[in-house]
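In: model this:
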Amino acid sequence: MFVHTDPCEEWSCRICQMKECQVRKEKFERKIEWNLENIIRDEKHKIGS
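Out: Numbering: from 1, shown residues only. Predicted structure coming up:
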């Protein structure tokens, strides 16, 4: 398992929980809950994945 941070991207605004964001382009929609299924995939977390 590896953990890394990714830079801000427009599509990630909908799952970003940062309240005071200077670059937000989209309204926060919902939190992605981490679980074994989505944590072991080597892809970015997003709504609809």
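
In: Using PDB, list the CA coordinates for stretch 41-49.
Out: Provided in PDB are the C-alpha atoms of stretch 41-49 (Å, rounded to 0.1, in the frame of the first residue of the first chain):
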ATOM      1  CA  ARG A  41      -7.600   0.500  -6.600                       C
ATOM      2  CA  ASP A  42      -4.800   2.500  -8.000                       C
ATOM      3  CA  GLU A  43      -7.100   5.300  -9.200                       C
ATOM      4  CA  LYS A  44      -8.200   8.700  -8.000                       C
ATOM      5  CA  HIS A  45     -11.300   8.800  -5.800                       C
ATOM      6  CA  LYS A  46     -14.300  10.600  -7.400                       C
ATOM      7  CA  ILE A  47     -18.000  10.500  -7.400                       C
ATOM      8  CA  GLY A  48     -19.300   7.700  -9.700                       C
ATOM      9  CA  SER A  49     -16.200   5.600  -9.500                       C
END
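
In: buried stuff in that stretch?
Out: Of the residues in stretch 41-49, none are scored as buried under the neighbour-count criterion (16 or more other C-beta atoms under 10 Å). (Glycine included, C-beta is placed from N, CA and C.)

In: Then stretch 13-21?
Out: Of the residues in stretch 13-21, those buried under the neighbour-count criterion (16+ other C-beta under 10 Å) are Cys13, Arg14, Ile15, Cys16.

In: contacting residues around stretch 8-19?
Out: Residues outside stretch 8-19 that contact it (C-beta atoms under 8 Å, 6 or more residues apart in numbering): 6, 21, 23-32, 44-47.
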